[in-house]
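Asker: sharing a sequence plus its predicted fold:
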Amino acid sequence: MDPDDVVADPNPHQSDSTPGAAPSQLAQMRSLTLEVSNDAAGAEQPAGNRSLPADFYETADEIEVTEKGSRLAGGLAGSASRGEPEDWRERSELDGEVLPSPSSSGYAGERGSIGGSNGIEGEADDGGPSLPDDWGRGKRHLDEDDASISWRNRKKHFFILSHSGKPIYSRYGDEHKLAGFSATLQAIISFVENGGDCIKFVRAGNHQVIFLVKGPIYLVCISCTEEPYEALKRQLELIYSQLLLILTKSVDRCFEKNPKFDMTPLLSGTDEVFSSLCHAFSWNPATFLHAYTCLPLAYSTRQAASAILQDVADSGVLFALLMCKHKVVSLSGAQKASLHPDDMLLLANFVISTESFRTSESFSPMCLPRYNPMVFLYVYIHFLDVDTYLMLLSTSSDSFYHLKDCRIHIETVLVKSNVLSEVQRSLLHSGLHVEDLPVDFSLRSGSLPHHLAMEKAIPDISSSHVGVGGPSGLWHFIYKSVNLDQYVSSEFSSPLSGSTRRKRLIRAYQKLYFSMHDKRTGPHKTQFRRDEDYVLLCWITQDFELYAAFDPLAEKAIAIKTCNRVCQWVRDVENEIFLFGAAPFSCPYPFLRGAVLSDLLRMKGFVLHYHILISDHCTK
Amino acid sequence: MGCSSSFPDRNAGRLASLNSESSTAPESKNLRVKLVLLGDSGVGKSCIVIRFVRGQFDPTSQVTVGASFLSQTLALQDSTTVKFEIWDTAGQERYASLAPLYYRGAAVAVVVYDITSPDTFKKAQYWVKELQKHATPGIIMALVGNKADLHENRAVSSEDALEYADNNGMFFIETSAKTADNINNLFEEIAKRLP
């Protein structure tokens, strides 16, 4: 691939502000001017896109995601044109996603109304990381079924059903009342299967219906959130993996014995686990990044935790994980055993969303689908404080007393070495704030925070930057280290306050991620995109992936420079934001890598040319 | 009797004396007893344990996953202390096949049902049979009808339960974790029956 090529999302609908499209056979070259990109005309689908060759649309066909909704609804970010329609959109989506409801567990809480204090979102306004705990033990509306208007208005449904059409799980409504609906879904799937084919998705108006067949278990998502097909498919994969975590893949045998097997009793009491996962799709980047994130800690603090975890891992514990909410404090594994980020995500989701783990130490069988989907591991779980919990995994069902003993040992060491108090402090005060992005790297040794955990002594600093964010209009970034399978996400700056905006940004990143990793046209190296909400810049190298969001009026050249500074910043503090030693870690990034992006996105006056490579979709 | 006898190979030494039996004190006996609670989902096993261990009752308490481990020491009149190491198991069907994990080596099994639900009483009988087949011989078994405060909705009569308990060599008691009624009695009665 020509390094001068700036490769962009192949989907014409997704690229904003692309007035002139010059079709060619394999590559689409379009020019983007900074002036025009701010024009309101950019909000409409440029006529030029309609004249793209047919093969282009073939690609678009499968992952057709129009942004019409968001474009028409949203005005220029931050401007007065942001009006009613958007509010309506947010609200209705919200309605679809966060209304809590009684569960089937018998402890039906009276939580049937919109939970949020702001009246728009049912989610707590502080959004993101703190959400999993406080977004309300939201369960599903058991009173709903497919005849209810409220049910039909939900933005995103997930269903699990058996190959005989028996409902297993529904995100909203009582599964048993949805038997007819499940049977319909099953009929669609088996109709296509009978033709020797496999149905992937159906588009119906604003809705996408996505199907995933996993042996005798079918998963279906019905969504009008405009997320890409790959993203929704990935979400179904995670839901399936969560099911395996609870039951292992050996449940398939139940269907072999009895095709009409009813699986719902086996999942009783796990509603919360699944609804928490569905919720994570809209706030947790780990759901699409295939990476985990660490709690920022001074290097020596994390080392102290790692050392003691490694001790127990050497004593016959398969994996030892110390986590704080959804962030890793430290982890270690026996011998060559390695833990997949997806398994960590699902494990943490299961533990955090299961209230009983908080009451006392627990010992429970769980399956790590990426480790071995067929067998249970035995997991010892203990909450060391409200947010921090230790998980010790063993292959032996007899290991409880050993694991308990390990925990006592670990806890003693962690308390003595102040790791737990540091963890609490970090939780409250640390994190990468875009406002702190160092300005000049020639001075960086003097200007950098040396200990992130200590850095934010004044937690409300961001509120003094209302509507500003970081330098050069930087609002947010996610940096993923490919080698480490870890990412770091900046704290949300003030332009992104409120969970609706955060959710929208996470969705934008998700779309960016899947367009960059599109198997037919990618993988791509860089993408620059501007819409009413943000400027998004993505840069992927073999070592890292950077996703950054800027003010929609940010200048491209400056945005690129800022990204280079972000990368440098992350490298400078990597000892505190990443966990080293859990995976073989290759030599850090070449010092001059920052210059490469400038080369890639070489500026020519105010006009930047970039190519869309459509590499192999013609063969598809 | 005694606790789980199968320790993992390594590090077993570090565990000091987790095996039940008595400590060395010559006069007062200090017993350590492994106790397992079994029963259908939602009958209140966790509530009984939390009431006994912490003196609390949480009406919104959540479904147990796998099994929770709690311990509580009970001082008897004869200056004996009994430390109960309690396995509070999950009532869900998916964990049924894993129950042996928890009741193996247990000295006491408490089988709980909900007096307002005949189904849970049937489930209790299932657990009794399973214990008779697979548990440690000589295990002390208690049959507990919980939610006794809901007596106006009673669907399982005390007489039936008592008769069943007698026929199976168990002792029977009705409790209410909500009002704390008979919770301590239950564990005291168990302690009295210990060898």
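Answerer: On my side now, so go ahead.
Asker: so what touches the top helix by length along chain B?
Answerer: If you go by DSSP state H, chain B has its longest helix at helix B:118-134. Residues outside helix B:118-134 that contact it (CB atoms under 8 Å, 6 or more residues apart in numbering or on different chains): B:38-40, B:42-43, B:99-100, B:103, B:109, B:111-114, B:139, B:141, B:143, B:145, B:155-156, B:160-161, B:164, B:168, B:170. Yep, even glycine has a C-beta here, placed from its N, CA and C like the rest.
Asker: of those residues, buried ones?
Answerer: When neighbours are counted using 16 or more other CB atoms under 10 Å in any protein chain shown, the contacts of helix B:118-134 contain these buried positions: B:38-40, B:42-43, B:99, B:103, B:109, B:111-114, B:139, B:141, B:143, B:145, B:156, B:161, B:164, B:168, B:170.
Asker: is it true that A:Val482 touches A:Pro523?
Answerer: No. Under the contact definition of CB atoms under 8 Å, A:Val482 does not touch A:Pro523, with a separation of 11.2 Å.
Asker: settle it for me: which of those two has more neighbours?
Answerer: More neighbours sit around A:Val482 than around the other of A:Val482 and A:Pro523, counting by other CB atoms under 10 Å in any protein chain shown; the figures are 16 against 13.
Asker: from A:Leu546, how far out is that one?
Answerer: A:Val482 sits at a distance of 11 Å from A:Leu546 (criterion: CB to CB, to the nearest Å).
Asker: can you dump the C-alpha coordinates of the longest helix of chain B into CSV?
Answerer: Coordinates of the C-alpha atoms in helix B:118-134 are reproduced here as CSV (Å, rounded to 0.1, in the frame of the first residue of the first chain):
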residue,chain,number,x,y,z
PRO,B,118,-45.2,-27.0,47.3
ASP,B,119,-42.8,-27.2,44.4
THR,B,120,-39.9,-26.1,46.5
PHE,B,121,-40.9,-28.8,49.0
LYS,B,122,-40.7,-31.4,46.3
LYS,B,123,-37.3,-30.0,45.3
ALA,B,124,-36.2,-30.3,48.9
GLN,B,125,-37.1,-34.0,48.8
TYR,B,126,-35.0,-34.4,45.7
TRP,B,127,-32.1,-32.9,47.6
VAL,B,128,-32.6,-35.2,50.5
LYS,B,129,-32.5,-38.2,48.2
GLU,B,130,-29.4,-37.0,46.5
LEU,B,131,-27.7,-36.5,49.9
GLN,B,132,-28.7,-39.9,51.1
LYS,B,133,-27.1,-41.4,48.0
HIS,B,134,-24.0,-39.3,47.7
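Asker: next SSE after that helix?
Answerer: strand B:140-146 (DSSP states H and E).
Asker: sheet partners, orientation included, of that following strand?
Answerer: Here strand B:140-146 is paired, per DSSP bridges, with strand B:108-114 (parallel), strand B:171-174 (parallel).
Asker: what residues does the host helix or strand of B:Ser46 touch?
Answerer: Using DSSP H and E, B:Ser46 maps to helix B:45-54. Applying CB under 8 Å, 6+ apart, the set of residues contacting helix B:45-54 from outside is A:356, A:359, B:37-39, B:56-58, B:61, B:64, B:68, B:70-72, B:86, B:88-89, B:91, B:110, B:112, B:144, B:146, B:175, B:177-178, B:180, B:183-184, B:186-187.
Asker: ok, now with 7 Å
Answerer: Under the contact criterion CB atoms under 7 Å, 6 or more residues apart in numbering or on different chains, helix B:45-54 has outside partners A:356, A:359, B:37, B:39, B:56-58, B:61, B:64, B:68, B:70, B:72, B:86, B:88, B:91, B:112, B:146, B:175, B:177, B:180, B:183-184, B:187.
Asker: touching chain A at all, the helix or strand just after it?
Answerer: Following helix B:45-54 in sequence order, the next helix or strand is strand B:67-75 (DSSP H and E). Yes. Among the residues of strand B:67-75, B:Ala67, B:Ser68, B:Phe69, B:Leu70 lie within reach of chain A under CB under 7 Å from any CB of the partner chain.
Asker: I'd say the third one and B:Trp87 touch.
Answerer: Going back to what we said before, that points to B:Phe69. Yes. Taking contacts as CB atoms under 7 Å, B:Phe69 lies within contact range of B:Trp87: 6.1 Å.
Asker: higher neighbour count, those two?
Answerer: Between B:Phe69 and B:Trp87, counting by other CB under 10 Å, B:Trp87 is the more crowded of the two (25 against 20).
Asker: A:Tyr401 versus that one, what's the distance?
Answerer: With distances taken as CB to CB, B:Trp87 is found 12 Å from A:Tyr401.
Asker: and for B:Leu38?
Answerer: When CB to CB is applied, the distance between B:Leu38 and A:Tyr401 equals 20 Å.
Asker: do A:Leu377 as well
Answerer: As judged by CB to CB, A:Leu377 and A:Tyr401 stand 17 Å apart.
Asker: then A:Pro296?
Answerer: Counting by CB to CB, the gap from A:Pro296 to A:Tyr401 is 35 Å.
Asker: go on, A:Thr293?
Answerer: Taking CB to CB as the measure, A:Thr293 falls 33 Å from A:Tyr401.
Asker: how long is stretch A:345-359 from one end to the other?
Answerer: Here the two ends of stretch A:345-359 are set 22 Å apart, with distance taken as CA to CA, to the nearest Å.
Asker: and it, what's buried?
Answerer: Of the residues in stretch A:345-359, those scored as buried under the neighbour-count criterion (16+ other CB under 10 Å) are A:345-357, A:359.
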